[in-house]
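Participant: pasted the sequence and its predicted model underneath.
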Amino acid sequence: MSLNRSEKQAVVEEVTALAAKAQTLVMAEYRGITVADMTKLRVAARAALAWT
């Protein structure tokens with residue numbers, strides 16, 4: 001996905017606005033993780049959120 005400068009700026013503004021309203025923000029680098037491991041991670045994250 002190749003964006004020009006104005007498109008990148010729009011994305012950054014959108015993410016900034018969303019982050020400002022969020023109670024919780026989780027960011028992760030997922031390159032190199034298998035689909036099975038990503039699924040396990042999502043399941044664990046949802047389970048952890050269910051207890052809060």
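Facilitator: Structure received.

Participant: residues touching the lowest-mean-pLDDT helix or strand in the chain, excluding its own?
Facilitator: Across the helices and strands of the chain, mean confidence by mean pLDDT, DSSP states H and E is lowest for helix 35-50: a mean of 90. In this structure, residues lying in contact with helix 35-50 by CB atoms under 8 Å, 6 or more residues apart in numbering are Val26, Tyr30, Ile33. Every residue, glycine included, has its C-beta placed from N, CA and C.

Participant: which one of these is nearest to Leu3?
Facilitator: Tyr30 (19.8 Å; CB to CB).

Participant: helix, strand or coil: sort out the closest one for me.
Facilitator: Reducing the assignment to helix, strand or coil with DSSP: H, G, I helix; E, B strand; the rest coil, the entry for Tyr30 is coil.

Participant: re earlier: going through the contacts of helix 35-50, which ones are buried?
Facilitator: When neighbours are counted using 16 or more other CB atoms under 10 Å, those contain no buried positions.

Participant: okay, the residues you listed in TSV with distance to Thr39 and pLDDT next?
Facilitator: Rendered in TSV, the data for the contacts of helix 35-50 read as follows (distance: CB to CB, whole Å; pLDDT from 0 to 100):
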residue	distance to Thr39	pLDDT
Val26	16	79
Tyr30	12	83
Ile33	10	93
